[in-house]
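[1] Here's a sequence, model it:
(chains A, B, C and D)
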2 protein chains.
Amino acid sequence: MSGPARRVTIRDVAAHAGVSVATVSRALAGDYPVHPSTRRKVLRAVRELDYVPNAQARALSVASPGAVAIVIHSVDSPYYALIAQGVEEQAAAEGRLSLICTTGSDPERELAFVQTMREQRAEAVILVGGVVLDDDYRERMSRYAHGLAASGSRLVLCGRPPLGDGVPAFTVDFDNTGGARAITAHLLSAGHRRILYLGIRPGNSTSNTRVAGYRAALADHGVTAAPALEMCCHFDRRSGYVTMKRRLTEGPRDFTAVFAATDLIAAGAVKALREHGLRVPDDVSIVGYDDVPPAEDIGLTTVHLPHTELGRAAVRLALSGKDPLAEPPITLGTHTVVRCSVKPLGSGR
Amino acid sequence: MSGPARRVTIRDVAAHAGVSVATVSRALAGDYPVHPSTRRKVLRAVRELDYVPNAQARALSVASPGAVAIVIHSVDSPYYALIAQGVEEQAAAEGRLSLICTTGSDPERELAFVQTMREQRAEAVILVGGVVLDDDYRERMSRYAHGLAASGSRLVLCGRPPLGDGVPAFTVDFDNTGGARAITAHLLSAGHRRILYLGIRPGNSTSNTRVAGYRAALADHGVTAAPALEMCCHFDRRSGYVTMKRRLTEGPRDFTAVFAATDLIAAGAVKALREHGLRVPDDVSIVGYDDVPPAEDIGLTTVHLPHTELGRAAVRLALSGKDPLAEPPITLGTHTVVRCSVKPLGSGR
DNA sequence: GGTGGCGTAGTAACCGGTTACTCGACGAGT
DNA sequence: ACTCGTCGAGTAACCGGTTACTACGCCACC
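    Numbers count the residues shown, from 1 in each chain, chains lettered A, B, ... in the order given. From the prediction side, this is the model:
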């Protein structure tokens, strides 16, 4: 064929049109007076050679909008996918490209990606998802924040706690404690007192805020929290299934309702309950958290989270030009969505 | 604070270390002999100034790997999300950044993004998702393909039919007709003869291949296809729900099984069936297509598609260095996953 | 002692664009 | 006829890196 044809540059266009490169540049930019006949010649050459300007080269001389980067654990989870969707939409609306990186929860990959984003001169970097809250984390994030700020990029933390004063990062999060408290109250109002909590993840910030709401609601109703009712569980279907399965085979069935820390855990748990001949909600009530699309399939009562709005808010904030040091954390409200997975305790079938 | 500090360049580092820019560049690249003491000075300056090289500038002089771009209709759909996951993984494994664009099925946005990718010098552009197969489409894709090829980028079409000889594009797709044929045969073997097909989308390539498998299986078993049993429906939950609802209220209930063109349609349809007091699979059998995670929640018998493998294969192919003109389309096999949404016809409860 | 080779570091051209500055041509004003 | 202003186009510097080429100092060797 025509071989690995060298890319066509502005010089080729200039030669083809019989003008200087400056004229080509100006004819295309359109902000400088170029004689109509010259412009036509240039445009014809552009068309004939199928010239496409090199965005990287342009970015060197002119300050062009950088990309918006989003870092998530995995796109294969409706929670992250919905947030990413919001980020993508808002970024596109503001004329930015969106870069995506999945880390598989590996801090190494997160670090590498943040570095790459500095090299790429990204305009905003959005880190999404719960984390283990230790000093190492805090230190790492502070380094990111200062580094990105020095490179002119904005850092936004979503679903992670703020880093405190003096660290240049925006924070946007859901009101997890409020949501968990409300839906636990919903179960309590239905008469449930022994509520199994599925989804303890030691140190994990998201887990912590949700379990805090659960405990607060119990306290509100004068119910003493039972550590035996709080079970460790990852935030996915399989863990929900496995954990509930084990509980049903090994532990006492001393609960009348289940609060799953995520809808996916709930989906897995429902499957395990059914396999044990237990009906939802007749034998066991269950609620979830997130209100991702699968919740509808199983008729799950859950807490609705404005996922895409979180993504959009993160982008808006990052591109707002506001000072990250002065901006308080944003908390997005949640609300309970009642479907048909909860039944008042003691009411006959 | 320190104000909008101008970005630190290699010149700043050179000045700080008291050497020339060439030396800094070489000390960092490491491929050219630099005196150890000089290198130390340079590295110290880099650390003190927190210098990060500009990837865009480097890309100008040295041929660096370009990004991998994926274009999907929406990330808020497990089908696309899983494919995107595969793309992301493989791109990361091969040291590429992945850019993502959602079009909301708007050809305008698709076009604009392809143009942007040419400007960005992306190494591969992966277009995913069914399309309306008219001459306009064919013409548009050919333009993309030639344009991208001229810019040194590879085009991969996923879930879209090949463009034919002479058009420089790779093609990777699922064996939809085979999968649809197999699962329809599964229903037929269970004794079902009147199978409602939910998911006709006139002109849409994905829809066409799936319905072709459905019809082929009917023909295999000597069952005449009934146009009244083939219903139009978009590929999402809501359409599945609405369409099934309407069928149940308006049309005759002259079917014993349902073949939903996607699992999400199936999820919506199941909800509508339940609301009409019909039990799955006792009163009506149903199968889906895709095997996305929600299928497990509703115990749906469906066709498994290797989504992430599709994404990975697309990236591998694009970066393989093979000639797109010589490469035949790749078809990935599928298999039926039996869960509990199908019951043999006539067997009592 | 002159010469050649090696190890380092600097100079400057280049990547592909943008744009400040310069310059020639042409028409208007006096 | 001469000057001045304006229009349109070219020249060259610059963005931030990389790297071919050049230059310098030092040692070994004849």
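[2] Going by C-alpha atoms from here, please, whenever you check contacts or count neighbours.
    Noted.
[3] residues in the stretch 151-300 of chain A within reach of chain B, list them.
    A:151-152, A:267-268, A:271, A:294, A:297-298 (Cα under 8 Å from any Cα of the partner chain).
[4] any idea how far A:A124 is from A:R316?
    10 Å (Cα to Cα, to the nearest Å).
[5] More neighbours: those two, which one.
    Neighbour totals were compared for A:R316 and A:A124, and A:A124 leads with 28 against 15 (other Cα atoms under 10 Å in any protein chain shown).
[6] What values do phi and psi take at that one?
    Dihedral pair for A:A124: phi -140, psi 140, per degrees, to the nearest 10.
[7] what bits of the stretch 1-150 of chain A have low per-residue confidence?
    For the stretch 1-150 of chain A, the stretches with pLDDT under 70 are A:1-5.
[8] Touching both of A:R316 and A:A124, which residues are there?
    Shared contacts of A:R316 and A:A124 (Cα atoms under 8 Å, 6 or more residues apart in numbering or on different chains): none.
[9] Just the buried residues from the residues of the stretch 151-300 of chain A next to chain B, in PyMOL please.
    To isolate in PyMOL the members of those that are buried, counting by 16 or more other Cα atoms under 10 Å in any protein chain shown, one can use:
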select buried, chain A and resi 151+152+267+268+271+294+297+298
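[10] B:P36 versus the nearest residue to A:G159 once chain neighbours are set aside, what's the distance?
    Distance criterion Cα to Cα, 6 or more residues apart in numbering or on different chains; nearest residue to A:G159, sequence neighbours excluded, is A:D173 at 4.8 Å. Computed as Cα to Cα, the A:D173 to B:P36 distance reads 48 Å.
[11] and DNA strand D, which of the residues of the stretch 151-300 of chain A next to chain B reach it?
    Applying Cα under 7 Å from any atom of the strand, the subset of these adjacent to DNA strand D is empty.
[12] would you list the residues of the stretch 151-300 of chain A next to chain B in a markdown table and tack on pLDDT?
    Output for those, formatted as a markdown table (pLDDT from 0 to 100):
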| residue | pLDDT |
| --- | --- |
| A:S151 | 87 |
| A:G152 | 89 |
| A:A267 | 97 |
| A:G268 | 97 |
| A:K271 | 95 |
| A:P294 | 94 |
| A:D297 | 90 |
| A:I298 | 92 |
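[13] Helix, strand, or coil at the residue of chain A at minimum distance from chain B?
    Proximity of chain A to chain B (Cα to the nearest Cα) peaks at A:L99, 4.5 Å away. Look at A:L99: counting by DSSP: H, G, I helix; E, B strand; the rest coil, its state is strand.
[14] That one and A:A67 touch, don't they?
    Yes - if you go by Cα atoms under 8 Å, A:L99 and A:A67 touch, sitting 6.8 Å apart.
[15] In terms of packing, which of A:D173 and B:P36 has more residues around it?
    Using other Cα under 10 Å as the criterion, A:D173 and B:P36 rank with A:D173 on top: 23 against 10.
[16] what sits against that one?
    Applying Cα under 8 Å, 6+ apart, the residues near A:D173 are A:158-161, A:310, A:329-332.
[17] Surely it is in a strand?
    Yes - the assignment for A:D173 by three-state DSSP puts it in a strand.
[18] what's across from it in the sheet?
    A:T331 (DSSP bridges).
[19] What separation is there between it and A:P306?
    10 Å.
[20] Give me the common contacts of the two.
    Common neighbours of A:D173 and A:P306, counting by Cα under 8 Å, 6+ apart, are A:L332.
[21] who in the stretch 1-150 of chain A is up against chain B?
    Checking the stretch 1-150 of chain A against chain B by Cα under 8 Å from any Cα, the hits are A:4-5, A:7-8, A:50, A:52-57, A:59-60, A:74-76, A:78, A:81-82, A:84-85, A:88-89, A:97-102, A:118-121, A:147, A:150.
[22] which strands and helices sit next to the helix or strand hosting A:L198?
    Using DSSP states H and E, A:L198 maps to strand A:195-200. In terms of contacts (3 or more Cα pairs under 8 Å, 6 or more residues apart in numbering or on different chains; DSSP states H and E), strand A:195-200 is packed against helix A:205-220, strand A:230-232, strand A:257-260.
[23] how does it look with 7 Å?
    strand A:230-232, strand A:257-260 (3 or more Cα pairs under 7 Å, 6 or more residues apart in numbering or on different chains; DSSP states H and E).
[24] How far away from the center of its chain is the first one?
    Taking Cα atoms, centre = their mean, to the nearest Å, one finds strand A:230-232 lying 24 Å from the centre of the chain it belongs to.
[25] Direction-wise, compare whichever helix or strand comes after it with strand A:195-200 and give the angle.
    As assigned by DSSP H and E, the chain's next helix or strand after strand A:230-232 is helix A:237-250. Computed by axes from the mean of the first three to the mean of the last three Cα atoms, to 10 degrees, the angle separating helix A:237-250 from strand A:195-200 equals 130 degrees.
[26] what does helix A:237-250 rub up against?
    A:233, A:264-269, A:271-272 (Cα atoms under 7 Å, 6 or more residues apart in numbering or on different chains).
[27] Now with 6 Å, please.
    Residues outside helix A:237-250 that contact it (Cα atoms under 6 Å, 6 or more residues apart in numbering or on different chains) are A:233, A:264-265, A:268-269, A:272.
[28] One more: stretch A:176-191?
    Contacts of stretch A:176-191 (Cα under 6 Å, 6+ apart): A:209-210, A:212-214, A:217, A:334, A:344-345.
[29] which one in those is the model shakiest on?
    Across the set of the contacts of stretch A:176-191, A:L345 stands lowest in pLDDT, at 88.
[30] and that one, what does it touch?
    Contacts of A:L345 (Cα under 6 Å, 6+ apart): A:191-192.
[31] A:G164: helix or strand, and which one exactly?
    Using DSSP H and E, no helix or strand contains A:G164.
[32] ok, now how distant is it from DNA strand D?
    Separation of A:G164 from DNA strand D (Cα to the nearest atom of the strand, to the nearest Å): 30 Å.
[33] just A:T171 next, same as before
    29 Å.
[34] Hmm, A:L157 and that residue touching each other?
    Yes - with contact defined as Cα atoms under 6 Å, A:T171 counts as touching A:L157 (4.8 Å).
[35] can you tell me the residue of the stretch 51-200 of chain A closest to DNA strand C?
    A:P53 (4.0 Å; Cα to the nearest atom of the strand).
[36] Contacts only, for the nearest residue to that residue once chain neighbours are set aside.
    Distances taken as Cα to Cα, 6+ apart place B:E119 nearest to A:P53, at 5.8 Å, with adjacent residues excluded. Counting by Cα under 6 Å, 6+ apart, B:E119 touches A:53-55.
[37] B:A45: which of the residues you listed is nearest?
    Nearest to B:A45 out of the contacts of B:E119 is A:A55 (Cα to Cα; 30.4 Å).
[38] Please report phi then psi for that closest one.
    phi -60, psi -30.
[39] what about it, how many neighbours?
    Counted by other Cα under 10 Å, the residues lying close to A:A55 total 16.
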